[in-house]
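Peer 1: Have a look at this fold, sequence not included:
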């Protein structure tokens, strides 16, 4: 949960980020209009983005508020997008679900015992972090739909935390499950933001066992840039032209193709 040179994002920090990002997402969605295309989510309009994210918020709220030890049966993505309120009611519906999630996380006890799907210091820490980054990435989607080529900046420590969740959370889980196709060579990821901090991760590829670790080492490709640029690139929300890439750029491209998070 910590990217040492940037400082730690704790549960209150993630909840505050969730609150902020959800408000920005709703405002951007209203500016764009419900029928606007979402460039970073091909085939989606803004109404789909709000339905998806609003459903995820309600799903997470049910787990946290109910202290559920297993995930409830959920609707398919097609069902989520085909149902829900009409365009006029969607922003208000989204805001209601977002506010309920912020309340549930804020009121949850520190020793909350419930299901979580990535390793974390506690279930509460997991859900606060996951929902903060879920909402932040979809806020970027909404801003791009509204015509903002450059989305509102993430605070550097939050962006570095998003990279860490992707690498040490989602990618580590894919490797454990055997669903990661692997890379032809290792990928080293470096983020640096002047006085704000610096951090690195290594995705091990090649003929050996795949793996991930904090810190960097020899690699066939090194990608370097500010945490915000790196976070958006690795989450497939912007091209890699904001990064300095040395070695084989095909390794970074293969990473982007292989690890695409849909929730």
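Peer 2: Yep, that arrived. Keep in mind the model is a prediction, meaning the values are calculated, not measured.
Peer 1: What does residue 166 show for phi and psi?
Peer 2: phi -60, psi -50 (degrees, to the nearest 10).
Peer 1: can you start the count at 51 instead of 1 from here on
Peer 2: Sure thing, new numbering starts at 51, so read that last one as residue 216.
Peer 1: quick one, what contacts residue 115?
Peer 2: Residue 115 sits next to 154, 158 when contact means CB atoms under 8 Å, 6 or more residues apart in numbering. C-betas here are computed from N, CA, C, even on glycine.
Peer 1: Please apply the same query to the one 4 residues further on.
Peer 2: Residue 119 makes contacts with 163-165, as judged by CB under 8 Å, 6+ apart.
Peer 1: The stretch 101-250 of the chain: helices as residue ranges?
Peer 2: Assigned by DSSP state H, counting those that start in this stretch, the stretch 101-250 of the chain shows helices spanning 127-132, 140-157, 173-195, 206-214, 222-227.
Peer 1: hang on, the earlier thing: among the contacts of residue 119, which ones are buried?
Peer 2: Buried by 16 or more other CB atoms under 10 Å: residue 164, out of those.
Peer 1: hmm, back to that, just put the helices of the stretch 101-250 of the chain in TSV and tack on mean pLDDT.
Peer 2: Listed next are the helices of the stretch 101-250 of the chain as TSV, based on pLDDT from 0 to 100:
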stretch	mean pLDDT
helix 127-132	92
helix 140-157	98
helix 173-195	97
helix 206-214	95
helix 222-227	95
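Peer 1: Distance to residue 297 and mean neighbour count for these - can I get that in a markdown table?
Peer 2: Formatted as a markdown table, these follow (distance: least, CB to CB, whole Å; neighbours: other CB atoms under 10 Å):
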| stretch | distance to residue 297 | mean neighbour count |
| --- | --- | --- |
| helix 127-132 | 36 | 13 |
| helix 140-157 | 41 | 18 |
| helix 173-195 | 27 | 24 |
| helix 206-214 | 19 | 25 |
| helix 222-227 | 22 | 14 |
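Peer 1: nearest to residue 64, of those?
Peer 2: helix 173-195 (3.8 Å; CB to CB).
Peer 1: where's that closest one relative to the chain centroid, distance-wise?
Peer 2: In terms of CA atoms, centre = their mean, to the nearest Å, the centre of helix 173-195 is set 5 Å apart from its chain centre.
Peer 1: helices or strands next to that helix in the packing?
Peer 2: helix 61-82, helix 96-116, helix 140-157, helix 206-214 (3 or more CB pairs under 8 Å, 6 or more residues apart in numbering; DSSP states H and E).
Peer 1: From the centre of this structure, point out the most distant residue.
Peer 2: Distance to the chain centre peaks in the chain at residue 257, reaching 29.2 Å (criterion: CA atoms, centre = their mean).
Peer 1: Can you check my assumption that that residue lies in a helix?
Peer 2: No - applying DSSP: H, G, I helix; E, B strand; the rest coil, one finds residue 257 to be coil, outside a helix.
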